[in-house]
Structure formats: structure tokens, C-alpha cells
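>>> Give the three-dimensional model of this entry:
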Amino acid sequence: MNKSLIALAFGGLAIGMTEFTMMGILPDIANDLKIEIPTAGHLIALYALGVVVGAPILVLFTGKYPPKNVLLFLMLLFVAFNGLFAIAPEYNTLLISRFLSGLPHGAFFGVGSVVAAQLAGKGKEAQAISIMFTGMTIANLAGVPIGTYIGHHYSWRYTYLFISLLGLLTFIAVYYWLPKIEANQEGNLFGQLNFFKRWEAWLLVAIISIGTGGLFAWISYIAPMVTNVSKIDPNRVPFIMVLVGLGMFFGNLFGGKLADTISPTKAAIASFLSMALCLVIVYLTAHIEWMAYVMAFTTGLIAFTIGSPLQMMLITTAKGSETLAAAAGQASFNIGNTLGAFFGGIPITLGFAYNTPVLIGVGMASVGVVLSFIFLRFVVIKKGV
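Have a look, this model is predicted:
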């Protein structure tokens, strides 16, 4: 089982790098293509759109096949589309290939989450899922800095060729280390879609899309906040991001343990509440340089405890549609990314200080608390999910 989870974690590492390295090398791409940085930023938005579109579609049309075969297929798509992005000659083909490279993201985590839970011992399902997501935290901790360094000093195209090779490594690991699991023969295309006829499905989508926006309202603007408000030297921003990634690594593992200990929904409430309180502290102490380092690690830790509990809430609620629900969760995370960055940027455009986006984050995380409590009261307790 350990090797199986490591194989899934390799996928998390590759996917985390392809998503988040873009933020670090955006200026290099803009300079290479002779375009403005906001124009290059469309590559970020199109990847997120690819995740939202690809997650449900790929899961629905691969649901009748064994999970191992599906994961191998998704990694082949990952390798091909990221390789295409690395060699695409001009901006329009880059946009298309970037959209395509986002398609396997949500489906991989959706299928992988269900597989990880099935391979885990009783009562350790969330911890198994957290091990898969460890790959994404390692991407933020080490993969993104490495990819950014390659992009700055050599070429951003080499960065994405490297990411494509990581996808190939994942393919090999899944092929050799993941056991064969029978396909779910009970569900069908329309049967899985029935999950979204239930109000609790859309409540979960709202919890993830709004609540996790608190994380992205903070992290999207952390660089200008620490340089303009905390007065940290811009050359130290990479160290700040390493602290964030280190916090995410430990927070992800702790979140899995917490979900298995007190229940996923209670863990989600605790996580969102802690995130809101943490962001309040970030706002109040942003002008203190040494606190910026402390809160970078602490906020990364608190914010990333939420991943495994939310995945388990989706899986336990969507009986017969677990994979589709887990994939939809990944799409919802990317909606949270978009909403957090968009609403977090409004105070800055209105002329407020660079620490004010975290107040938007406080509000979004607080909504996550309220919606999670509603889920606990009317779904978990009332329906016994």
C-alpha cells in the first residue's frame, strides 16, 4: 500500500508543479513571447478552466474502466499536453495546450482519492488521501522553486519538459506499484450524475468554492504584502514561499489525521475557523517583519489542513458517485482559487493596503465555517452520512 500511495503522490507532485510553477515563471514567459504579464496571466486562468471542464467529463467517460487503467491514461494525457505546452511555438497554441494540460488534473485527484481510501485501513482513509496530496505540498516546497530557477536561468520551456518527465515517472510508478482494482460495475453515466440532483452536493461545492477562497485571497497577494507592508527585501520572498510550502506539507498530513480522529466535517469546521482566525492575525501583524516569517509557515499549515477532510466529505456523501464527487471537489478548489484571487484583488484596486486581501479571506473562510456547520447539522447528523 505504501508504494501505491507514493505512486499517487508522484502524480500530486507533477500536477502541483504544472499548476503553481506558472506563477513563478510568468515574467519569463511574457518576456520570451514579447507580451504583457497580464496577458501571460491568461495561461493561469485557462489551466483552471481546464481543471473545471476536465474533472467531471473525464471521470464520467472513464468510470467503467479499472481505476489503474484510468490513472495511466490520465498521466499519458498529462505528459502529452505539458510536452506540447513546452514546445508550442506561439501564444495561441500555448493557450490551447495550457487548457488541455489542466484537463487531467481534477480527474487524477478524483480517481486517486477513491483509490487511496480503498487501499487504506479502516479509519485511516483521510490519512491515505493526505499522503497523495503530500506530492502537491512537496511541489510547493521544492518543485516550484526548482522549476522557477530553471525558468529564470535557462528557459521556461525546459521547466515544462521537466514537468512532463515527472508525469512519465508517475506513469511508471502507477504501472508497477498500484495494484489492480476492479472497475465499479454498479454505477453508470446517468446514475453518477444523479448525485448533483441532491442539494447537499451543491452545498459541498459551495463549501469548497467559497471556503478555500480564503486561502487563495491570502496566497495570491502574499509577495506584494510582505514586500510593501512587512518591508521584507524582495530577494527574500522565495524564502517566504518555502516557509509557506513547509507549513502546507505538515498541515496536509495533520488534516488527514484530524479528519480520521474527529470526523471529516468537524475537521473542516475546525480548519476553516482556524484559517479565519489566522488570517486576522496576518492582517494585524503584517507590518512586523519577523511575524511575516512566522505567519507564512503558520498560515500555510492551517490552510492546508482542509484538503483531506473535504475530499472525505465528498466521498462519504456520494455513495455510488464517489469518483465524480471527488473530481468535482478538485474543480471546486480551482473555482476557490479564482474567486479568492479575484475578490482579494478588489481592495488593492480601490487603493487599500496590500494586507487587506486577507480580510476578504477571513470572510470567505468564515462562510466556509457556516456552510460546513449547516452540512454537519442537516446532512451528517440528520441523515447519518
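>>> How many residues are close by Ile44?
Here the count is done by other C-beta atoms under 10 Å, and Ile44 has 19 residues near it. Using the backbone N, CA and C atoms, a C-beta is placed for each residue, glycine as well.
>>> residues touching it, list them.
By C-beta atoms under 8 Å, 6 or more residues apart in numbering, Ile44 lies in contact with 22-23, 26.
>>> Next one: Met75 from Met241, what distance?
Distance of Met75 to Met241, computed by C-beta to C-beta, to the nearest Å: 27 Å.
>>> Then Ile29?
Spatial separation of Ile29 from Met241 under the definition C-beta to C-beta is 19 Å.
>>> try Ala116
In this structure, Ala116 lies at 27 Å from Met241, with C-beta to C-beta as the measure.
>>> Of those two, which one has the most company?
The neighbour comparison of Ala116 against Met241 (other C-beta under 10 Å) goes to Ala116, with 29 against 24.
>>> now the more buried one, nearest residue through space, not along the chain?
Here the nearest residue to Ala116 in space, its sequence neighbours aside, is Ala128; by C-beta to C-beta, 6 or more residues apart in numbering that works out to 4.3 Å.
>>> Could you do Ala139 as well?
Closest residue in space to Ala139, ignoring its immediate chain neighbours: Gly16 at 2.7 Å, by C-beta to C-beta, 6+ apart.
>>> Pull the number of nearby residues for that neighbour.
26.
>>> so what's it up against?
Going by C-beta under 8 Å, 6+ apart, Gly16 touches 135-140, 143-144.
>>> element containing Gly102, please.
Taking DSSP states H and E as the definition, one finds Gly102 inside helix 91-119.
>>> what mean pLDDT does stretch 204-211 have?
Mean pLDDT, stretch 204-211: 96.
>>> Contacts for that stretch, please.
With C-beta under 8 Å, 6+ apart as the contact definition, stretch 204-211 has outside contacts at 268, 272, 306, 310, 313-314, 317, 325, 328-329, 332-333, 335-336, 339, 364-365, 367-369, 371-372, 375.
>>> In space, what's closest to Gly368 - neighbours in sequence excluded?
Excluding its sequence neighbours, the residue lying closest to Gly368 (C-beta to C-beta, 6+ apart) is Gly211, at 2.2 Å.
>>> continuing past the longest helix seen in the chain, what's the next helix or strand?
Ranked by residue count and defined by DSSP state H, the top helix of the chain is helix 2-33. Per DSSP H and E, the first helix or strand lying C-terminal to helix 2-33 is helix 37-40.
>>> Kindly calculate the angle that the following helix or strand past that next one makes with helix 91-119.
On the C-terminal side of helix 37-40, the closest following helix or strand by DSSP H and E is helix 42-62. Interaxial angle of helix 42-62 relative to helix 91-119 (axes from the mean of the first three to the mean of the last three C-alpha atoms, to 10 degrees): 50 degrees.
>>> For the following helix or strand past helix 42-62, buried residues please.
Scanning forward in sequence from helix 42-62, with DSSP H and E defining helices and strands, the next element found is helix 67-87. Neighbour-count burial for helix 67-87, counted by 16 or more other C-beta atoms under 10 Å, picks out 67-68, 70-75, 77-86.
>>> what does stretch 348-368 give?
In stretch 348-368, the ones that count as buried by 16+ other C-beta under 10 Å are 348, 354-368.
>>> what's the span of it, first residue to last?
End-to-end distance of stretch 348-368: 23 Å, with C-alpha to C-alpha, to the nearest Å as the criterion.
>>> Show residues contacting it.
The set of residues that contact stretch 348-368 without belonging to it, under C-beta under 8 Å, 6+ apart, is 207, 210-218, 220-221, 224-225, 228-229, 268, 272-273, 275-276, 279-280, 282-283, 286-287, 339-340, 343-347.
>>> circling back to that earlier point, can you tell me which of the contacts of Ile44 is closest to Ser263?
Here the nearest of the contacts of Ile44 to Ser263, counting by C-beta to C-beta, is Met23; it sits at 34.2 Å.
>>> ok, now which ones touch the most centrally placed residue in the chain?
For the chain, the residue whose C-alpha lies nearest the mean C-alpha position (C-alpha atoms, centre = their mean) is Phe333; its distance is 6.0 Å. Listed by C-beta under 8 Å, 6+ apart, the contact partners of Phe333 are 208, 212.
>>> where's Gly256 relative to Ile262, distance?
12 Å.
>>> before we move on, what about Ile15?
29 Å.
>>> and if you look at Gly135?
Here Gly135 is placed at a distance of 25 Å from Ile262 (C-beta to C-beta).
>>> got the contacts of Gly16 as CSV, with neighbour count columns?
Putting the contacts of Gly16 into CSV (neighbours: other C-beta atoms under 10 Å) gives the following:
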residue, neighbour count
Gly135, 26
Met136, 27
Thr137, 28
Ile138, 21
Ala139, 27
Asn140, 26
Gly143, 24
Val144, 25
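>>> Pro234: which of those residues is nearest?
Val144 (17.1 Å).
>>> Show me what counts as buried in the helix or strand encompassing the closest one.
When secondary structure is defined using DSSP H and E, the element that contains Val144 is helix 144-153. The neighbour-count criterion (16+ other C-beta under 10 Å) identifies 144-145, 147-148, 150-151 as the buried residues of helix 144-153.
>>> Render the CA-only coordinates of the next helix or strand after it in PDB, please.
On the C-terminal side of helix 144-153, the closest following helix or strand by DSSP H and E is helix 156-177. Included here for helix 156-177 are C-alpha records, laid out as PDB according to Å, rounded to 0.1, in the frame of the first residue of the first chain:
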ATOM      1  CA  TRP A 156      10.700  28.200 -19.100                       C
ATOM      2  CA  ARG A 157      10.300  25.500 -21.800                       C
ATOM      3  CA  TYR A 158      12.900  23.300 -20.000                       C
ATOM      4  CA  THR A 159      10.800  23.700 -16.900                       C
ATOM      5  CA  TYR A 160       7.700  22.200 -18.500                       C
ATOM      6  CA  LEU A 161       9.800  19.500 -20.300                       C
ATOM      7  CA  PHE A 162      11.000  18.600 -16.800                       C
ATOM      8  CA  ILE A 163       7.300  18.500 -15.500                       C
ATOM      9  CA  SER A 164       6.400  16.300 -18.400                       C
ATOM     10  CA  LEU A 165       9.100  13.900 -17.400                       C
ATOM     11  CA  LEU A 166       7.700  13.900 -13.900                       C
ATOM     12  CA  GLY A 167       4.400  12.800 -15.400                       C
ATOM     13  CA  LEU A 168       6.200  10.000 -17.200                       C
ATOM     14  CA  LEU A 169       7.800   8.900 -13.900                       C
ATOM     15  CA  THR A 170       4.300   8.900 -12.300                       C
ATOM     16  CA  PHE A 171       3.100   6.700 -15.200                       C
ATOM     17  CA  ILE A 172       5.800   4.200 -14.500                       C
ATOM     18  CA  ALA A 173       5.200   4.200 -10.700                       C
ATOM     19  CA  VAL A 174       1.500   3.700 -11.100                       C
ATOM     20  CA  TYR A 175       2.100   0.900 -13.600                       C
ATOM     21  CA  TYR A 176       4.400  -1.000 -11.300                       C
ATOM     22  CA  TRP A 177       3.200  -0.100  -7.800                       C
END
